[in-house]
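Asks: Provide a 3D model corresponding to the input given below.
(chains A and B)
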Amino acid sequence: MFQDLFIHTLLISYIIVMLLTFGLLLTWVERKQAAIMSDRIGANRAYLRLPFTQIKLIWWGLFHGIADGLKMLLKEDFKPRAHDPLIYTLAPWVMFVPVLLVFAVIPFGGSLSPAALFPGSETVAQWFGDKSYPLQIAALDAGLLVLFAFGGLTIIGAMLAGWSSNNKFSLLGAVRAGAQMISYELVLGLAIVGLILIYGTVNLVAIVEQQSAILWGFLPAWGIFLQPFAALLFLVAAQAESQRIPFDLPEAESELVAGFFTEYSAMKMGLFMFAQFIEIVVIAAIFTTLFLGGYNLPFMSDQGFVFPGGVEWNLPHWAVILTQISVFWTKVFLVCGFLVLVRWTLPRLRYDQLIQFAWRILLPLTLINLLVTAIVVFAMQY
Amino acid sequence: MYHTPYKRKKYWNKAEMNLWEKSYLPEVVRGLSLTSGVFLRNLWRWMRGRKGALTVYYPEERRPDYAAHNRGKHILTQRANGKPQCIACNLCATVCPAQVIEIEAAFDAEDPAHPKYPAHFAIDYARCIFCGMCVEACPEDAIRMLSEVPNLPRGSRHIWLHKEELLQWSPRRDVAKSSS
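Replies: Model prediction:
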């Protein structure tokens, strides 16, 4: 019992630290990538000076995220006079917590068995026996459904923030956010249904394990090869879900100041921004899990590599765990980079175009995709 | 009952797109490949230790190709005897939109032709906007701007350049008045 608690506490703290670090890192990636894309240098003035020396660590502006966080912590926490105190304080957390919760069901590695990790140690073997733990916070069978249930909660945060600020811009932003997120959540969900039909499960670990199979002798059975169309639709809808630039109408600066968090300042505003960045990481993680084979490299399983020619390469347990975790985070990082690329390339849609795009183009496309997938899956069974 | 429908204004430069461009998706792919191409090109340059940006990183780097008329750093012109040409009339300080010029006038009994001179002349480079209005306002051609950009200490908020440095960093004389 106690050893379970130990392992789970370890996993939870690891994931929270990883997500916060990734969110912080993503602010830097966003700045630098945008700068390099447009022939600029990017933010590089913040530095850490080693105490008692004149050595300044600049590290390509990596400390700008920390400087931003400090600035937000130290700023005055201004509140409008007629705000609703309870809801106003609650809203950033309602936005922030579900984003972290979504990650609970995402597997970021295979199964960890501590006894195999330390083969020489008697105490570890005694303590853990031959138990193995999936590298995932909550090993739920309904993983995908839980993911969407928590993902939908962020709308409430946006709506509460807009309503409690007592500001027309905030309210308009909140209404826009609500309409947009509901529309695109539908597309997001329906794009996934085709994948559920193929895999026949909503358990994310099972989905990842099925993706380590091989198609036609050479191609890894990743979701993006089985459902390329759904992957595209998912990415578009996910970008809209995180309210970033081609679809950033809820917080359109030129029209609505900052949308639903216009009246927020200091760390509360920081929480909204941070939630948005972590949401990108989470979206990238979901995309990785569903479409890019999760934590596995091509031809890789929990024992090691099995190449198409029949060549096997078995790895020790610690090497497998380490490879899986680093492969997972690398994939997440690359998908994040792609989302940032999209954000700095495409121009914004108008609001009516945005809603029409969801209901008239994306939704029929997802339905067609679902129909074709269903027919194919049905035909394969008979 | 109803208003006449809103007539959309016609613009002379309205973009005309063919069907391929209107379908949006190929153009999205083209845009993404363009930006990612520029990104990878610049990243590759940075990784080889070369510069992948057009930005000139000012206090550390200088452009080699400033125009001859670039308004860079101020100088005070000198008379033949090495004293400043300035007569401390305060026109430049008055016209300065950023209000960064400070002049303290003094009396010089030994030079009856030019009895008024600046005992103290300073420009705050932290606030100077390099508009060149002081140069235009000067009736004596006593202040000029050269194309070189100032070399300022980093991190300081009070960067005053005083009379001595303005006179001496690149000594110039007014050719027309050099005889007097």
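
Asks: Around chain A, pick out the residues from chain B.
Replies: B:28, B:31-32, B:34-36, B:38-39, B:42-43, B:46, B:52-55, B:57 (CB under 8 Å from any CB of the partner chain). Heads up, the C-betas are built off the backbone N, CA and C, glycines and all.

Asks: is the helix or strand hosting residue A:239 up against chain B anywhere?
Replies: Per DSSP states H and E, residue A:239 falls inside helix A:228-241. No. Contact of helix A:228-241 with chain B (CB under 8 Å from any CB) is absent, the minimum separation being 9.1 Å.

Asks: and that helix, how far out from the chain's middle?
Replies: 13 Å (CA atoms, centre = their mean, to the nearest Å).

Asks: Look at residue B:170 and tell me its secondary structure.
Replies: coil (DSSP: H, G, I helix; E, B strand; the rest coil).

Asks: That one: what's it in contact with?
Replies: Under the criterion of CB atoms under 8 Å, 6 or more residues apart in numbering or on different chains, the neighbours of residue B:170 are B:75, B:146, B:148.

Asks: Which elements pack onto the helix holding residue A:239?
Replies: Applying 3 or more CB pairs under 8 Å, 6 or more residues apart in numbering or on different chains; DSSP states H and E, we find helix A:228-241 packed against helix A:168-199, helix A:223-226, helix A:266-291, helix A:317-343, helix A:363-381.

Asks: How about residue A:87: what's its closest non-neighbour residue?
Replies: Ranked by CB to CB, 6 or more residues apart in numbering or on different chains and with sequence neighbours excluded, the top spatial neighbour of residue A:87 is residue A:164, at 3.8 Å.

Asks: so how far is residue A:84 from that neighbour?
Replies: 4 Å (CB to CB, to the nearest Å).

Asks: per-residue pLDDT, residue 59?
Replies: You didn't pick a chain, so chain A it is. On the pLDDT scale, residue A:59 is placed at 84.

Asks: The intended chain is chain B.
Replies: 73.

Asks: Could you verify my assumption that it touches residue B:150?
Replies: No. Checked against CB atoms under 8 Å, the pair residue B:59 and residue B:150 is beyond contact range at 9.7 Å.

Asks: between the two, who's got more neighbours?
Replies: Ranked by neighbour count (other CB atoms under 10 Å in any protein chain shown), residue B:59 and residue B:150 place residue B:150 first, with 16 against 12.

Asks: which residues of the stretch 101-250 of chain A score low on pLDDT?
Replies: A:217 (pLDDT under 70).

Asks: rerun at 90
Replies: Judged against pLDDT under 90, the low-scoring parts of the stretch 101-250 of chain A cover residues A:101-105, A:107-159, A:161-163, A:165-186, A:188-189, A:191-192, A:194-229, A:236-250.

Asks: Which residue, other than its chain neighbours, is closest to residue A:113?
Replies: Nearest non-adjacent residue to residue A:113, counting by CB to CB, 6+ apart: residue A:132, 3.7 Å away.

Asks: ok, the one you found touching residue A:112?
Replies: Yes. If you go by CB under 8 Å, residue A:132 and residue A:112 touch, sitting 6.4 Å apart.

Asks: higher neighbour count, these two?
Replies: Using other CB under 10 Å as the criterion, residue A:132 and residue A:112 rank with residue A:112 on top: 23 against 16.

Asks: Contact partners for the more buried one?
Replies: Per CB under 8 Å, 6+ apart, neighbours of residue A:112: A:7, A:132-135, A:321.

Asks: out of these, who's nearest chain B?
Replies: Closest to chain B out of the contacts of residue A:112 is residue A:321 (30.5 Å), distances taken as CB to the nearest CB.

Asks: Let's verify the spatially most central residue of chain B: helix, strand, or coil?
Replies: Nearest to the centroid of the C-alpha atoms of chain B, with distances taken as CA atoms, centre = their mean, sits residue B:130, at 4.4 Å. With three-state DSSP as the basis, residue B:130 sits in coil.

Asks: swap in residue A:156?
Replies: helix.

Asks: Can you check the pLDDT for the residue nearest to it when sequence neighbours are not counted?
Replies: Once flanking residues are discounted, residue A:156 sits nearest to residue A:94: 5.5 Å by CB to CB, 6+ apart. On the pLDDT scale, residue A:94 is placed at 90.

Asks: can I assume residue A:94 sits in a strand?
Replies: No. Residue A:94 is assigned helix when assessed by three-state DSSP, not a strand.

Asks: Just give me the residue closest to the centre of chain A.
Replies: residue A:282 (1.1 Å).

Asks: what about the helices in the stretch 51-200 of chain A?
Replies: For the stretch 51-200 of chain A, the helices defined by DSSP state H, counting those that start in this stretch cover A:64-74, A:85-102, A:114-117, A:122-128, A:143-151, A:154-164, A:168-199.

Asks: same question, chain B
Replies: B:19-22, B:25-47, B:91-95, B:133-137, B:163-168 (DSSP state H).

Asks: got TSV for the ones you listed, with mean neighbour count and mean pLDDT too?
Replies: Output for these, formatted as TSV (neighbours: other CB atoms under 10 Å in any protein chain shown; pLDDT from 0 to 100):
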stretch	mean neighbour count	mean pLDDT
helix B:19-22	9	85
helix B:25-47	14	91
helix B:91-95	18	93
helix B:133-137	16	93
helix B:163-168	16	86
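
Asks: Looking at these, which is nearest to residue B:118?
Replies: Closest to residue B:118 of the helices of chain B, according to CB to CB: helix B:163-168, at 6.3 Å.

Asks: Quick one: low-confidence residue ranges for chain B.
Replies: Where chain B drops to pLDDT under 90, the residues are B:1-28, B:49-73, B:78-86, B:108-114, B:125-128, B:140-142, B:144, B:146-180.

Asks: what's around residue A:44, how many residues?
Replies: Residue A:44 - counted by other CB under 10 Å - has 17 other residues nearby.

Asks: residues touching the nearest residue to it once chain neighbours are set aside, list them.
Replies: Take residue A:44 and drop its neighbours on the chain: the residue closest to it by CB to CB, 6+ apart is residue A:61, 3.8 Å away. Applying CB under 8 Å, 6+ apart, we find residue A:61 in contact with A:28, A:31-32, A:42-46.

Asks: dump the residue contacts of whichever residue of the stretch 201-350 of chain A sits closest to chain B.
Replies: Nearest residue of the stretch 201-350 of chain A to chain B (CB to the nearest CB) works out as residue A:345 at 4.5 Å. Residues in contact with residue A:345, defined by CB under 8 Å, 6+ apart, are A:37, B:31-32, B:34-35.

Asks: I'd like the distance between the nearest residue in space to it that is not next to it in sequence and residue A:336.
Replies: Using CB to CB, 6+ apart and skipping the chain neighbours, the partner closest in space to residue A:345 is residue B:35 (4.5 Å). According to CB to CB, residue B:35 and residue A:336 sit 16 Å apart.

Asks: OK, contacts around the residue in chain A sticking out farthest from the centre?
Replies: In chain A, residue A:52 marks the outermost C-alpha relative to the chain mean, sitting 40.7 Å out by CA atoms, centre = their mean. By CB under 8 Å, 6+ apart, no residues touch residue A:52.

Asks: got the contact list for residue A:285?
Replies: Contacts of residue A:285 (CB under 8 Å, 6+ apart): A:103, A:106, A:108, A:328, A:332.

Asks: Quick one, which of these are buried?
Replies: A:103, A:106, A:108, A:328, A:332 (16 or more other CB atoms under 10 Å in any protein chain shown).

Asks: The residues you listed: which ones sit near chain B?
Replies: Among the buried ones among the contacts of residue A:285, proximity to chain B is found for none (CB under 8 Å from any CB).
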